[in-house]
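Asker: sequence isn't available, so here's the structure alone:
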Ligand SMILES: [Zn+2]
């Protein structure tokens with residue numbers, strides 16, 4: 001990430017949960033904030049908009065500890081278990097998928113309905129669909145998916161230790177990036193798989209008024225995959241372009257399309 005920043009600066013970053021492995025923080029003053037957070041991530045100088053994973057719920061005080069830490073460190077933002085913020089043309093909706101409560105679903109439904117953003121990106125720890133170890137999530141398919149369909153453009157998740165892009169449903173695209181550091185697991189392709197890789201790395205999201213682009217990189221900054229969602233200016237409706245593979249070599253990185261940066265372009269790192 002640091003190397004990647006030297007080429008192009010990120011605006012901010014997201015975490016997709018399981019922020020502190022295998023147990024979350026025990027208090028907002030836990031000394032592991034220094035070793036597991038500050039030492040590793042403060043050199044990036046980015047604000048991380050976090051979400052909670054199942055490992056952040058291993059200790060009962062951990063969710064509160066991670067929320068309270070937001071008040072003392074500008075690089076860490078977790079104002080509540082679920083929340084929303086807007087950056088340029090994108091509105092982000094951070095969920096706590098550990099418990100999909102009725103209150104959270106009502107909040108999400110209303111927040112999506114009120115959103116004026118061109119792009120709506122929802123993110124949480126647990127994938128709705130996954131070809132990885134944990135598979136499809138019946139609870140999320142039953143409760144969360146109906147709230148997102150036709151309302152959001154992208155759902156980002158972690159949990160499975162791999163990278164994936166799953167077939168969209170309507171305008172809703174599903175990505176998994178749980179490859180930030182924990183031990184990798186196999187990610188076999190299944191009927192919904194458009195892309196999968198069992199590699200450590202990170203993903204970037206870049207958006208302007210006309211398109212939203214997601215790229216996956218390994219730790220050597222080789223681009224493993226790129227996908228672009230485009231928006232039609234006439235109808236305002238978004239549609240997806242067919243995805244295409246880029247070979248995981250340094251030459252493909254050089255040859256890959258880099259959208260011209262404008263004031264409306266926002267590059268986000270996803271961990
Ligand atoms: Zn997890």
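Answerer: Good, I have the coordinates. Keep in mind it's a predicted model, so treat the numbers as computed, not measured. Numbering: from 1, shown residues only.
Asker: only C-alpha atoms for contact and neighbour calcs from this point on.
Answerer: Fine.
Asker: can you count the residues close to the closest residue to the ion within the stretch 101-250 of the chain?
Answerer: Closest residue of the stretch 101-250 of the chain to the ion, Cα to the ion: residue 159 (3.7 Å). Neighbour count of residue 159, defined by other Cα atoms under 10 Å: 23.
Asker: ok, residue 113 next?
Answerer: 11.
Asker: residue 56 too?
Answerer: Around residue 56 there are 26 other residues, counting by other Cα under 10 Å.
Asker: quick check: phi and psi at the residue lying closest to it once chain neighbours are set aside.
Answerer: Distances taken as Cα to Cα, 6 or more residues apart in numbering place residue 24 nearest to residue 56, at 4.1 Å, with adjacent residues excluded. With angles defined as degrees, to the nearest 10, residue 24 shows backbone torsions of phi -70, psi -180.
Asker: circling back to that earlier point, pLDDT value on the residue of the stretch 101-250 of the chain closest to the ion, please?
Answerer: pLDDT recorded at residue 159 is 94.
Asker: A helix includes it, no?
Answerer: No - Residue 159 is assigned coil when assessed by DSSP: H, G, I helix; E, B strand; the rest coil, not a helix.
Asker: how about the contacts made by it?
Answerer: 16-18, 53, 125-127, 134, 176-178 (Cα atoms under 8 Å, 6 or more residues apart in numbering).
Asker: now the residues you listed in TSV, with neighbour count, secondary structure and pLDDT?
Answerer: Below are the contacts of residue 159 laid out as TSV (neighbours: other Cα atoms under 10 Å; DSSP: H, G, I helix; E, B strand; the rest coil; pLDDT from 0 to 100):
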residue	neighbour count	secondary structure	pLDDT
16	28	coil	95
17	26	coil	94
18	24	coil	92
53	27	coil	96
125	28	coil	97
126	27	coil	97
127	27	coil	97
134	13	coil	91
176	31	strand	96
177	30	strand	94
178	34	coil	87
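Asker: what is the nearest of these to residue 196?
Answerer: residue 176 (8.9 Å; Cα to Cα).
Asker: tell me what that closest one is bridged to.
Answerer: Beta-bridge partners for residue 176, by DSSP bridges, are residue 157, residue 164.
Asker: ok, and for stretch 37-45, which residues are buried?
Answerer: Across stretch 37-45, burial judged by 16 or more other Cα atoms under 10 Å covers 41, 44.
Asker: and it, how far out from the chain's middle?
Answerer: Remark: stretch 37-45 is offset 19 Å from the chain centroid, using Cα atoms, centre = their mean, to the nearest Å.
Asker: first-to-last residue distance for that stretch?
Answerer: End-to-end distance for stretch 37-45, by Cα to Cα, to the nearest Å: 12 Å.
Asker: ok, residues contacting it?
Answerer: So stretch 37-45 is contacted by 1-2, 5, 75 (Cα under 8 Å, 6+ apart).
Asker: got CSV for those, with distance to residue 121 and neighbour count too?
Answerer: Converted to CSV, those look like this (distance: Cα to Cα, whole Å; neighbours: other Cα atoms under 10 Å):
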residue, distance to residue 121, neighbour count
1, 21, 19
2, 24, 13
5, 22, 12
75, 21, 19
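Asker: other residues contacting stretch 64-72?
Answerer: Counting by Cα under 8 Å, 6+ apart, 25-29, 76-81 sit against stretch 64-72.
Asker: top of those residues by neighbour count?
Answerer: For the contacts of stretch 64-72, neighbours tallied by other Cα under 10 Å; top is residue 25, 28 neighbours.
Asker: which SSE is that one in?
Answerer: Secondary structure assignment for residue 25, by DSSP states H and E: no helix or strand.
Asker: my read: it touches residue 34, true?
Answerer: No - at 11.1 Å, residue 25 does not count as touching residue 34 under the criterion of Cα atoms under 8 Å.
Asker: for the residue lying closest to residue 22 once chain neighbours are set aside, helix, strand, or coil?
Answerer: Excluding its sequence neighbours, the residue lying closest to residue 22 (Cα to Cα, 6+ apart) is residue 55, at 5.8 Å. Secondary structure state of residue 55, per three-state DSSP, is helix.
Asker: who are the neighbours in contact with residue 55?
Answerer: 17-24.
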